[in-house]
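Let me see the structure of the following:
(one chain, ligands or ions: 3)
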Amino acid sequence: PPQTPAAAAGPGLKHAPVRLTHPAKVLDTSSGMTKQVLADYYWTIAERMLPYIAGRPLSLLRCPDGSARPCFFQKHVIGSLPRGVNTVEISHKTGAPEAYMTVASAEGLAGLAQLGVVEVHPWNSQNDDLERPNRMIFDLDPDETLAWPILASAAIDVRMRLKKIGLESFLKTSGGKGLHIVVPILPKFEWPAVKDFTRRFALDMEKANPKLYLTKMTKAARKGKIYIDYLRNEREATAVATYSPRARPGVPVSMPLHWKELEFGAMPIFRVTEFIQWQSRLVDDPWKQLDKINQQIPSRLIVN
Ligand code: ATP
Ligand code: MN
Ligand code: MN
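Ligands and ions are numbered 1, 2, ... in the order given. A predicted model of the protein is given here:
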C-alpha cells in the first residue's frame, strides 16, 4: 500500500524526544515507516528491550536510504554518535583494541534511529564480562518450504531437551523466517566451552532426527529441513535483539512468544507500524521470568 499519513503517525507510540535530521524520511515503503516512527518505536519499547541489549557490544544494521536500498552492518564506531550511544573497547588476539557501539538508555536506543539503524544485534556477553556469555541462542533456520507446525514442534523439541538438563528457555520469532530459543545462563564458562556445548547439543538433535535437522550451514542441503544454527554462540557473533525491528517489508519485529502460541496455525507476525494492535502483549510478558533465573550448563556437559 502507498504511504499514508496514518502510517506515518506511528499509532500508539510515544514521541521520542531525540534530535533527528529528516524525521519524515520513509525507511520502509511498504508500511510508510518514517525515521520519526522508528525513533518513537525504540523510545516506546525501550523499557522492555533494554534489558536484552543494554551494556552489550552491538552490531547495527543501518539502512540510511530505507530498507529497500542496500543496508550495511556496522559494529565499529565511525564519526560522531547520537547522545546515549556509547563505546566499549574490545581487545582481540592481535591488533589494537577496537571501539564498538553500546547503549544503556532509552535516549541511546531512540538515538539509533538518527543513524538509520533498523536492526539491533547484541553480543551474548556483556561489556563488563566479555569473555563469558550470559545467554545462549538456538537459531532455527527452516527451509522455506517447511510447514509451520514442524518448525513449531522443533522449537518444543529444543525446549524439552534443555529442560532435561535443567535449563529453562525462552522463545521468540526472529521477525524473519525462523524461531530463536534463548537460554539465560550465569556468566561462568568462556566462549569456546559454550560454543562447543551448543554444537554438541545441535549434533545430538541431528543424530536423533537426521531427516529433519541439519547442523551444516549449506543452503542446498536444507531442503525440507531445519538448520540448527548454533553459531550465534561464539565470540563476536550476534543475533537480532528481542523486540528489534527487521529491515524487511512491513518492518516485523523479533517478538517474545508464550510457548502455547506455537499452537497457532502460522508464524505470528507483529509490525512496528501496527504497534497499537499488539501493545497489549507488553502486559503479559512471556519473558518476565528470564532475568530471575539463575542457571548454568551442567559442568559434566562442558568438555573444554
Ligand atoms: P531468520 O529467521 O530469517 O533466519 P535471523 O535473524 O535468524 O532471521 P539468520 O540469517 O539466521 O537470520 O541469522 C544471521 C545472524 O548473523 C543475524 O541475525 C546477525 O546477527 C548475524 N549477522 C549476519 N551477517 C552479519 C554481518 N555482516 N555482521 C554482523 N552480524 C551479522
Ligand atoms: Mn535464523
Ligand atoms: Mn541463522
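
sec struct for residue 37, please.
With DSSP: H, G, I helix; E, B strand; the rest coil as the basis, the three-state label of residue 37 is helix.

Just the pLDDT at it, thanks.
The model reports residue 37 with a pLDDT of 97.

repeat for residue 259
Residue 259 carries a pLDDT score of 98 in this model.

same deal with residue 244?
98.

contacting residues around it?
For residue 244, the contacting residues are 49, 119, 120, 121, 175, 253, 254, by CB atoms under 8 Å, 6 or more residues apart in numbering. All C-beta atoms are positioned from the backbone trio N, CA, C, and that covers glycine.

residues from the stretch 1-150 of the chain in reach of ligand 1?
Residues of the stretch 1-150 of the chain lying close to ligand 1 (CB under 6 Å from any ligand atom) are 59, 73, 121, 139, 141.

what's in contact with the host helix or strand of the first one?
Residue 59 is part of strand 58-62, with elements assigned from DSSP states H and E. Under the contact criterion CB under 8 Å, 6+ apart, strand 58-62 has outside partners 71-75, 100-103, 112, 115-123, 238, 247.

go on, stretch 259-270?
Stretch 259-270 is contacted from outside by 148, 151-153, 155-156, 159, 171, 173, 177, 250, 252-253, 255, 257, 277-278, 281, 286, using CB under 8 Å, 6+ apart.

What about these, which are in helices?
Judged by DSSP state H, helices contain the following of these: 148, 151, 152, 153, 155, 156, 159, 277, 278.

do you know how far the first one is from residue 155?
Translated: residue 148. Taking CB to CB, to the nearest Å as the measure, residue 148 falls 11 Å from residue 155.

Please spell out which residues along stretch 151-170 are buried.
Buried residues in stretch 151-170, counted by 16 or more other CB atoms under 10 Å: 151, 152, 154, 155, 157, 158, 159, 161, 162, 167, 169, 170.

Over to stretch 104-114?
Across stretch 104-114, burial judged by 16+ other CB under 10 Å covers 104, 106, 107, 108, 109, 110, 111, 112, 113, 114.

so how far is residue 296 from the residue lying closest to residue 126 once chain neighbours are set aside?
Excluding its sequence neighbours, the residue lying closest to residue 126 (CB to CB, 6 or more residues apart in numbering) is residue 55, at 5.1 Å. Between residue 55 and residue 296 the computed distance is 20 Å (CB to CB).

just residue 82 next, same as before
37 Å.

does ligand 3 sit close to stretch 235-242?
No - judged by CB under 5 Å from the ion, stretch 235-242 makes no contact with ligand 3; its nearest approach is 7.8 Å.

do that stretch and ligand 1 meet at all?
Yes - with CB under 6 Å from any ligand atom as the criterion, ligand 1 is reached by stretch 235-242 at 238, 239, 240.

Quick one: distance of that stretch to the chain centre.
Distance, stretch centre to chain centre, for stretch 235-242: 6 Å (CA atoms, centre = their mean, to the nearest Å).

Same check on stretch 260-271?
Centroid separation between stretch 260-271 and its chain, computed with CA atoms, centre = their mean, is 17 Å.

In CSV, list the C-alpha atoms belonging to it.
Extracted as CSV, the C-alpha positions of stretch 260-271 are listed here (Å, rounded to 0.1, in the frame of the first residue of the first chain):
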residue,chain,number,x,y,z
LYS,A,260,1.5,-22.1,23.8
GLU,A,261,1.4,-19.6,20.9
LEU,A,262,3.2,-22.2,18.9
GLU,A,263,-0.2,-23.9,18.6
PHE,A,264,-1.5,-21.2,16.4
GLY,A,265,-1.8,-22.1,12.7
ALA,A,266,1.0,-19.9,11.4
MET,A,267,4.1,-17.9,12.4
PRO,A,268,2.7,-14.8,14.2
ILE,A,269,3.9,-11.5,12.8
PHE,A,270,4.0,-8.2,14.6
ARG,A,271,4.9,-5.0,12.8
